[in-house]
Every structure is written in structure tokens, then in C-alpha cells.
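> here's a sequence, model it:
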Amino acid sequence: HDVYSIDRFANDTLKILKQYNKNSSTSNIYTPSIISLGISVGKFHDSVNTKSIADLFSKQITKTETIRST
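Next up, the predicted model:
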């Protein structure tokens with residue numbers, strides 16, 4: 001079965017979002033504003049190594065960029 005990297009998923013998502021940013025690449029402000037961002041999963045596999053969803057996302061907190069609203 002496929003194994004997905006949380007880091008790769010987050011980096012790929014940010015890379016895609018940055019393509020639509022109207023501000024310069026050096027700006028921390030994203031335009032147009034993101035109102036809602038959702039993640040959807042279509043299939044799950046049981047695994048003995050599965051961590052809780054809270055554990056998976058808590059590790060990403062230190063890797064997020066600050067996005068200030070305008």
C-alpha cells in the first residue's frame with residue numbers, strides 16, 4: 001500500500017497555493033485571502049504504526065508559515 005509523507009503533503013500543498021498568490025514571493029501576506037482550506041481523504045488503510053490525527057498535525061505546528069490577514 002502507499003505511504004504518504006506528512007512533510008511532502010504540506011510542502012506540496014503550500015507550493016500549489018503559492019502559485020495563486022498575487023503578492024510577491026517575499027511577502028508573508030497571501031492575496032487573495034484564504035477563507036477556507038479543507039483536506040479530504042477518500043480511503044483509509046489499517047496499520048499498526050498509525051498515530052493519532054492529533055499527533056500527526058501537532059508536529060506540523062513548528063513548520064507552518066505565519067499568514068497575516070489584511
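> if you count neighbours, what's buried in stretch 26-40?
Buried residues in stretch 26-40, defined by neighbour count with 16 or more other C-beta atoms under 10 Å: residue 30. For the C-beta atoms, the positions are set from N, CA and C on the backbone; glycine is no exception.
> CA atoms only for that stretch, dumped as CSV, please.
C-alpha atoms of stretch 26-40 as CSV (Å, rounded to 0.1, in the frame of the first residue of the first chain):
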residue,chain,number,x,y,z
THR,A,26,9.0,37.5,-0.5
SER,A,27,5.8,38.7,1.2
ASN,A,28,4.2,36.8,4.1
ILE,A,29,0.8,38.1,3.1
TYR,A,30,-1.3,35.9,0.8
THR,A,31,-3.6,37.7,-1.6
PRO,A,32,-6.4,36.9,-2.3
SER,A,33,-7.2,35.9,1.3
ILE,A,34,-7.8,32.2,2.0
ILE,A,35,-11.3,31.9,3.5
SER,A,36,-11.4,28.2,4.0
LEU,A,37,-9.0,25.3,3.4
GLY,A,38,-10.1,21.7,3.6
ILE,A,39,-8.5,18.4,3.4
SER,A,40,-10.5,15.4,2.3
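> tell me the mean pLDDT over that stretch?
Here stretch 26-40 scores 85 as its mean pLDDT.
> likewise for stretch 9-21?
Mean predicted confidence for stretch 9-21 is 85.
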